[in-house]
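Peer 1: structure of the sequence below:
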Amino acid sequence: MLYTYLIVTIVSTTLALRLPAPYDIRIDYYKVDTTEDLVIHTPRPKFSWKLPVSSRRGIQQIAYQIQMKWHGSQWDSGQVFFNQSFRVLAWNGKDLQSLTHYQIRLRLWTTESNRSTFWTDWICFRTSIFNLHEYITNKNDDVQWIGSTEIYMNVLRKEFNVTSESPIRTAIVLMSGLGYSELYVNGDKIDPSRKLDPGWTTYEKRSLFVSFDLTSKVKIGKNAVGVKLGNGWYSEEQYLLSTHNKTVYG
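Peer 2: The predicted structure follows:
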């Protein structure tokens, strides 16, 4: 009985030295816990995290390790001795790929224990098109601005077919407009939490776009994509009297 008690005590003490995983993980400034579909717009994102909560004071980070995987490939930073946890460029200075889904996980070493913390869960994110102007220029024959001369809300709709011989790996929508819009696929509104997309800008200089992951929405067979167009600031005649001195884009 004495030997059994000693063995159990030693095992329990050893396990207790492994701290919980780091938390409040951020990629660039996006908090991964509160962003359902995380889209990164830079090829070299920076990572931030917080050390596990401890009852002791003065605990510091000694090292970190990040693992990443994407499309059958993987990368491992190994144990990196570094005491900073804010805006860390951990990807060896390499560029991420555009329009790619990634998963990462993280663990730390601190002054509280000679063992690493537990790993975080795998964190999913995807990348956008990093150079949209170049992308559109290369596909100029396939890109057209569409719309209507009507002042009130319009609905645009198009059907397309996905054959069973062509399985879907990913389906991404990039949508830009000079006014507000809502996206529907097969009758379902995509991300009802988003309002007033895309944001207002000075249209002579730039226009914004939004991105949606529709991989789970597109099915084998006939599909339909629709966009409801709402009023925006492109044509201010909808809001201001004709006598008002205003800028009109179109």
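Peer 1: domains of the chain?
Peer 2: Here the domain assignment for the chain is 23-52+59-127, 144-238, based on the TED database.
Peer 1: and those domains as CSV, adding distance to T137 and mean neighbour count?
Peer 2: For the C-beta atoms, the positions are set from N, CA and C on the backbone; glycine is no exception. Listed next are the domains of the chain as CSV, based on distance: least, C-beta to C-beta, whole Å; neighbours: other C-beta atoms under 10 Å:
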stretch, distance to T137, mean neighbour count
domain 23-52+59-127, 14, 15
domain 144-238, 14, 13
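Peer 1: pick out the shakiest of those, pLDDT-wise.
Peer 2: Ranked by mean pLDDT, the domains of the chain end with domain 144-238 in last place, scoring a mean of 82.
Peer 1: the residue lying closest to L132 once chain neighbours are set aside bridge partners, please.
Peer 2: Among residues not flanking L132 along the chain, F209 sits closest, at 6.9 Å (C-beta to C-beta, 6 or more residues apart in numbering). Taking DSSP bridges as the rule, F209 bridges to S176.
Peer 1: wait, F209 sits on M175?
Peer 2: Yes: contact criterion C-beta atoms under 8 Å: F209 and M175 qualify, at 6.1 Å.
Peer 1: which residues are in contact with each of the two?
Peer 2: P198 (C-beta atoms under 8 Å, 6 or more residues apart in numbering).
Peer 1: would you list the domains of the chain in CSV and tack on distance to E134?
Peer 2: Shown next, in CSV, are the domains of the chain (distance: least, C-beta to C-beta, whole Å):
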stretch, distance to E134
domain 23-52+59-127, 10
domain 144-238, 14
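Peer 1: quick one, which of the ones you listed is nearest to H133?
Peer 2: domain 144-238 (10.1 Å; C-beta to C-beta).
Peer 1: doesn't N223 lie inside a helix?
Peer 2: No: assignment of N223 by DSSP: H, G, I helix; E, B strand; the rest coil gives strand, placing it outside any helix.
Peer 1: that one reaches E159, doesn't it?
Peer 2: Yes: with contacts counted by C-beta under 8 Å, N223 reaches E159, the gap being 6.8 Å.
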